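Peer 1: Predicted coordinates and the sequence they were generated for:
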Amino acid sequence: MVSGDVDRYIDELDRALRGPRRAKRSLLAEARRRAVADFGAVAEVAPGYQAELAATQSRLTGLAIIAALGLQIVAWDHSWPMFPETTAAPPDSPAGLADSAVEVFGSVCLLLAVGLVVGARFAARRPGLRTALGRVTAGLGWTVGAFLIASAVVLNLLNPTAAQVSPALLAVPLIAFVGLPVAGPARSSRRCLALAGAG
């Protein structure tokens, strides 16, 4: 196959695929190296590559969830000391019970995200699994986002010492440590869901 045909083939394959840019570039470079003779029509090749891109997006979404939850653990444990007039809620109070429930739910979500990252390695080879994994990963991303926002609000409402802190001062760490980290997994979840049905 002549160079122009290869270029047209790679351009057509590029238009047929959606997914993480770096992974897509890598796949297109592989296709160029192996040349068209080893492949077939784009309609035959694109589904396999698309499956790889969807699995990569699921893995990236899982990693974004892990990062957001990890940041929450560090932020929540270390943000309250910035307000010396506040104290931790007693374990048997509503705020203490809510805090325990948040820790358990967050831990379960963290373990699920790790499982989804590992599972993404196997999803590319099985289209049904790829679709299910993409949908579950996107669902977990949105669940974690809602969970982080709701838990921050509930824990601050239930903590009686939070009333001693200026709402403006309290808003800064909430936006920085809850609002901003939720944006990454939410965006990645949207992409993940879109790619779960692509192919």
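Peer 2: Good, I have the coordinates. None of the values given here were measured: they were computed from a predicted structure.
Peer 1: going forward, measure contacts between C-alpha atoms and count neighbours the same way
Peer 2: Will do.
Peer 1: Show me which positions of the longest helix seen in the chain end up buried.
Peer 2: Secondary structure assigned by DSSP state H gives helix 42-79 as the longest helix of the chain. Neighbour counts using 16 or more other CA atoms under 10 Å place 46-47, 49-69, 72, 75 of helix 42-79 among the buried residues.
Peer 1: list the helices and strands the helix or strand where V6 lies packs on?
Peer 2: Per DSSP states H and E, V6 falls inside helix 3-16. Where contact means 3 or more CA pairs under 8 Å, 6 or more residues apart in numbering; DSSP states H and E, helix 3-16 is packed against helix 21-34, helix 42-79.
Peer 1: and the angle for it with helix 42-79?
Peer 2: Interaxial angle of helix 3-16 relative to helix 42-79 (axes from the mean of the first three to the mean of the last three CA atoms, to 10 degrees): 50 degrees.
Peer 1: for helix 3-16, what is the average pLDDT?
Peer 2: The average pLDDT within helix 3-16 is 84.
Peer 1: Tabulate the CA atom coordinates of the least confident helix or strand in the chain by mean pLDDT in CSV.
Peer 2: Ranked by mean pLDDT, DSSP states H and E, the weakest helix or strand in the chain is helix 167-174, scoring a mean of 72. Only the C-alpha atoms of helix 167-174 are listed here, as CSV (Å, rounded to 0.1, in the frame of the first residue of the first chain):
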residue,chain,number,x,y,z
PRO,A,167,-19.7,30.8,56.4
ALA,A,168,-17.4,32.6,54.0
LEU,A,169,-14.4,31.0,55.7
LEU,A,170,-16.0,27.6,55.6
ALA,A,171,-17.0,27.9,52.0
VAL,A,172,-13.3,28.2,50.8
PRO,A,173,-12.2,24.7,52.0
LEU,A,174,-15.6,23.2,50.8
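Peer 1: Now do the longest helix of the chain, average pLDDT.
Peer 2: Mean per-residue pLDDT for helix 42-79: 83.
Peer 1: wait, what's in contact with the spatially most central residue of the chain?
Peer 2: Most central in the chain under CA atoms, centre = their mean is T61, positioned 2.7 Å from the mean C-alpha point. T61 makes contact with T137, A138, G141, P185, S188, S189, C192, according to CA atoms under 8 Å, 6 or more residues apart in numbering.
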